[in-house]
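Asker: Prediction below, plus the sequence it came from.
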Amino acid sequence: MPDNPQKAAEILSKIMSPQQIHIYNKSVYLDSMIDRTGQINKYLVENGVTVNQISIHAINLEEYFLRKVGA
């Protein structure tokens, strides 16, 4: 959880597709990059965003489909 989710999303959009970045409840969710959490954290900190927590959450196929169709 970054201290400034909007700024974090803007910074991350420079290294990944903006469609993969979602802000919800003051958190930033990424659709991929789970193998690069350390690099993402470092990139955010170097660009002035304090990261208070990083979590990995894998979704199942049903949850993925529901997100894609907007349900």
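Answerer: Everything's here; your move.
Asker: how about residue 30, phi and psi?
Answerer: Phi and psi for residue 30, reported as degrees, to the nearest 10, are phi -110, psi 140.
Asker: ok, it - contacts?
Answerer: Shown in contact with residue 30 (Cβ atoms under 8 Å, 6 or more residues apart in numbering): 12, 16, 20-22, 40. The way it works is simple: take the backbone N, C-alpha and C, and place the C-beta from them, glycine included.
Asker: taking these one by one, which sit in helices?
Answerer: Of the positions in these, 12, 40 sit in helices, assigned by DSSP state H.
Asker: Could you turn the buried ones of the contacts of residue 30 into a PyMOL selection?
Answerer: Listed next is the PyMOL selection for buried residues among those, using 16 or more other Cβ atoms under 10 Å:
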select buried, resi 12+21+40
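Asker: Can you pick out the most distant pair from the contacts of residue 30?
Answerer: Greatest spatial distance in those: 22 and 40, 14.3 Å, computed using Cβ to Cβ.
Asker: This completes my enquiry, with thanks.
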